[in-house]
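S.K.: I would like the atomic coordinates for the input below:
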Amino acid sequence: MRSYVFNLLTGGTAALVASAAARALPEPTPMGSRLYLWLYRFAHLVLANFDKVTNEGKPGGQLN
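M.R.: Coordinates of the predicted model:
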């Protein structure tokens, strides 16, 4: 039981740190690198920050 709780806390902490790291990424510029745009969207997609991936409801719409 102890190892389950330890693994749960470790995994939860790692997920929070990874999510914070992805949220700290600066938003890509409209004429910036396509690779950085892909990396930015992929990081937020994997970490379930869907509001950053779709960019819905924000002025300017998509970054394409």
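S.K.: P28 contacts L37, doesn't it?
M.R.: Yes - between P28 and L37 a contact is recorded at 4.5 Å, counting by CB atoms under 8 Å. For every residue, glycine as well, the C-beta is placed using N, CA and C.
S.K.: Helix or strand: which one has the residue most central in space within the chain?
M.R.: Closest to where the C-alpha atoms of the chain average out (CA atoms, centre = their mean) is H44, at 2.4 Å. For H44, the element it lies in under DSSP states H and E is helix 34-46.
S.K.: swap in P28?
M.R.: Under the criterion DSSP H and E, no helix or strand holds P28.
S.K.: T29: how many residues sit nearby?
M.R.: Applying other CB atoms under 10 Å, we find 10 residues neighbouring T29.
S.K.: whoops, I mixed them up, F42
M.R.: By other CB under 10 Å, 12 other residues sit near F42.
S.K.: For the protein, which helix extends over the most residues?
M.R.: Across the chain, the longest stretch assigned as helix under DSSP state H is helix 2-23.
S.K.: Would you mind writing the CA trace of that helix as PDB?
M.R.: Backbone C-alpha positions of helix 2-23 (Å, rounded to 0.1, in the frame of the first residue of the first chain) are rendered in PDB as follows:
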ATOM      1  CA  ARG A   2       2.900   2.400   0.800                       C
ATOM      2  CA  SER A   3       4.500   2.000  -2.600                       C
ATOM      3  CA  TYR A   4       1.100   2.700  -4.300                       C
ATOM      4  CA  VAL A   5       0.700   6.000  -2.400                       C
ATOM      5  CA  PHE A   6       4.300   6.900  -3.100                       C
ATOM      6  CA  ASN A   7       3.900   6.200  -6.800                       C
ATOM      7  CA  LEU A   8       0.700   8.100  -6.900                       C
ATOM      8  CA  LEU A   9       2.300  11.200  -5.300                       C
ATOM      9  CA  THR A  10       5.400  11.000  -7.400                       C
ATOM     10  CA  GLY A  11       3.400  10.700 -10.600                       C
ATOM     11  CA  GLY A  12       1.100  13.500  -9.600                       C
ATOM     12  CA  THR A  13       4.000  15.800  -8.800                       C
ATOM     13  CA  ALA A  14       5.800  14.900 -12.000                       C
ATOM     14  CA  ALA A  15       2.600  15.700 -14.000                       C
ATOM     15  CA  LEU A  16       2.200  19.100 -12.200                       C
ATOM     16  CA  VAL A  17       5.900  20.000 -12.900                       C
ATOM     17  CA  ALA A  18       5.600  19.000 -16.600                       C
ATOM     18  CA  SER A  19       2.300  21.000 -17.000                       C
ATOM     19  CA  ALA A  20       3.900  24.000 -15.400                       C
ATOM     20  CA  ALA A  21       6.900  23.700 -17.700                       C
ATOM     21  CA  ALA A  22       4.600  23.600 -20.700                       C
ATOM     22  CA  ARG A  23       2.600  26.600 -19.500                       C
END
